[in-house]
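**Q** Provide a 3D model corresponding to the input given below.
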Amino acid sequence: MAQKKTGRPPSDDSMTDRIFVRVSKETKEKLDECTQELETSRSDVVRKGIDMVHDSLKK
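**A** Okay, the predicted model is just below:
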């Protein structure tokens, strides 16, 4: 019998690309404030911000 794979199952929206950015201390503090207020990760806040800017460009 084949051994069952362990780990996270594949996602329909797999996030394989990574980006790295440099930010000022002030920007990092703002980001951390957002993560605490929204109870989410830095990555989620950045993704939401990108979506908001992208949506505003379409108007």
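
**Q** ok, how many other residues are close to Gln3?
**A** 5 (other Cβ atoms under 10 Å). To be clear about C-beta, it is placed using only N, CA and C from the backbone, and glycine gets the same treatment.

**Q** Figure out the helix or strand that it lives in.
**A** Counting by DSSP states H and E, there is no helix or strand that carries Gln3.

**Q** show me the contacts for it.
**A** Applying Cβ atoms under 8 Å, 6 or more residues apart in numbering to Gln3 gives no contacts.

**Q** ok, it to Pro9 distance?
**A** Distance from Gln3 to Pro9, counting by Cβ to Cβ, to the nearest Å: 16 Å.

**Q** How much space separates the residue positioned nearest the centre of the chain from Val53?
**A** Taking Cα atoms, centre = their mean as the criterion, Ser43 is the residue nearest the geometric centre of the chain, at 2.5 Å. Distance of Ser43 to Val53, given as Cβ to Cβ: 16 Å.

**Q** For the nearest residue to Leu38 once chain neighbours are set aside, give me its contacts.
**A** Distances taken as Cβ to Cβ, 6 or more residues apart in numbering put Val45 closest to Leu38, at 6.5 Å, once the chain neighbours are dropped. Contacts for Val45 (Cβ under 8 Å, 6+ apart) come out as Leu31, Cys34, Thr35, Leu38.
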